[in-house]
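[1] A predicted structure for the sequence below; I have some questions about it.
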Amino acid sequence: MLEAFVMDPLYLLDRFLVLSHVAAGALGLLVAPLAMLTVKGGPAHRLWGKIFFWSMFWIFASTLGLMFFRFNFFLSIIAVLSFYMALTGYRMLYLKRPQKGDRPIWLDWAGSIVAALAGAGLAGWGVFGAVGMLNTNIPSVFFILGIVFGLVLLTIALPDLIRYVRPPTDRNAWWYEHMSRMLSAYMAMVTAFMVQNVGRQMPADWQWITWILPGLIGGPLISLWIGRYRKKFTRAPAPAVAGAD
């Protein structure tokens, strides 16, 4: 093994991607709750939020890099879904005042188009697999998950493209979307942790549960939290949160 480590640069790259991927995941799991617990828009919230975002970026980038060694279509699109939530959640801070000239840039358009195509591809993959048109040993339940996650990505990315052309009139919309996207990105990170550390200890026929359990628990909690702010903002002026710079 030592000889392979020294002589094979691909082995080195593979190990680097794996270890840095795990480190980024651990960092993101740690700092996200700190961002949640600090004053929104304050220096600490912005710091922890940026660290979380870049952790998500490296998880995404390292996942794509690892596809060179162990390609998995399902996981590659899930990586797109997870990072898209973080990317759009972060970019909402730059698009929060369309009436004052905040407009999407090429990154927003490109990200949403790629996400929509990825969602359509994953849903199509799931459909073909579910009807037995793919020759693979993947459990059939993952094709169902592919359809679900693909449609989720589509139903997020397509409205984003519409939003770029017709910004929402609700002056608090950016706040709700920022919360929803960043919290969903964290939920995706928790899901990955569950899949890797809990799912592998479960029987193969039941491992799919770890893919949906965080969403089943976290989704309603996110909705309740955002709902609290909706009620709060109906009784108070719009939040004045510092920029993302």
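    Looks like it came in fine.

[2] wait, doesn't residue 119 sit right on residue 148?
    No: shown here, residue 119 and residue 148 do not form a contact pair, counting by CB atoms under 8 Å, at 10.7 Å. C-beta here means a position set from N, CA and C on the backbone, and glycine is covered the same way.

[3] for residue 72, phi and psi?
    In terms of degrees, to the nearest 10, the main-chain angles of residue 72 are phi -150, psi 110.

[4] ok, it - contacts?
    Residues counted as contacts of residue 72 (CB atoms under 8 Å, 6 or more residues apart in numbering): none.

[5] excluding chain neighbours, what is closest to the residue nearest the centre of the chain?
    Taking CA atoms, centre = their mean, the centroid of the chain lies closest to residue 82, which sits 1.9 Å from it. Once flanking residues are discounted, residue 82 sits nearest to residue 188: 3.8 Å by CB to CB, 6 or more residues apart in numbering.

[6] where does the one you found land on pLDDT?
    Residue 188 is assigned a pLDDT of 93 by the prediction.

[7] before we move on, what about residue 1?
    Looking at residue 1, its pLDDT stands at 52.

[8] got it, and residue 232?
    At residue 232, the model reports a pLDDT of 88.

[9] look up how far residue 210 lies from residue 71.
    Distance of residue 71 to residue 210, given as CB to CB, to the nearest Å: 22 Å.

[10] the two: who's more crowded?
    Under the neighbour definition other CB atoms under 10 Å, residue 71 and residue 210 were set side by side, and residue 210 has more, 21 against 9.

[11] related to what we said a few turns ago, I'd like the next helix or strand past the helix or strand containing the residue nearest to residue 82.
    Residue 188 is part of helix 173-197 when elements are defined by DSSP states H and E. Later in the chain than helix 173-197, the nearest helix or strand by DSSP H and E is helix 209-234.

[12] determine how far that following helix lies from the middle of the whole chain.
    15 Å (CA atoms, centre = their mean, to the nearest Å).

[13] kindly report the same for stretch 66-85.
    Its chain's average C-alpha position is 11 Å from that of stretch 66-85, according to CA atoms, centre = their mean.

[14] in it, what counts as buried?
    For stretch 66-85, burial by neighbour count (16 or more other CB atoms under 10 Å) applies to 66, 73-85.

[15] now do the helices in the chain.
    Remark: helices assigned in the chain by DSSP state H are 2-7, 9-37, 43-66, 73-91, 106-130, 140-165, 173-197, 209-234.

[16] where in this protein is pLDDT low?
    Confidence mapping of the chain against pLDDT under 70 gives the ranges 1-7, 236-245.

[17] wait, residue 157 sits on residue 116?
    Yes: using CB under 8 Å, residue 157 is in contact with residue 116, at 4.0 Å.

[18] neighbour count for the two, which is higher?
    Neighbour tally, residue 157 and residue 116, criterion other CB under 10 Å: the higher count belongs to residue 157, 23 against 19.

[19] contacts only, for that one.
    Contact partners of residue 157, counting by CB under 8 Å, 6+ apart, are 84, 112, 113, 115, 116, 119.

[20] what's the burial count for residue 50?
    14.

[21] now it: how far from residue 11?
    Between residue 50 and residue 11 the computed distance is 33 Å (CB to CB).

[22] cool, residue 155 as well?
    For residue 155 relative to residue 11 (CB to CB), the value is 41 Å.

[23] who has more neighbours out of the two?
    Applying other CB under 10 Å to residue 155 and residue 11 shows that residue 11 carries more neighbours, namely 15 against 11.

[24] how close does the more buried one sit to residue 17?
    Distance, residue 11 to residue 17, by CB to CB: 11 Å.

[25] what does residue 112 give?
    When distance is defined by CB to CB, residue 112 is 27 Å away from residue 17.

[26] neighbour count: those two, which is higher?
    Taking neighbours as other CB under 10 Å, residue 112 and residue 17 compare with residue 112 leading, 24 against 20.
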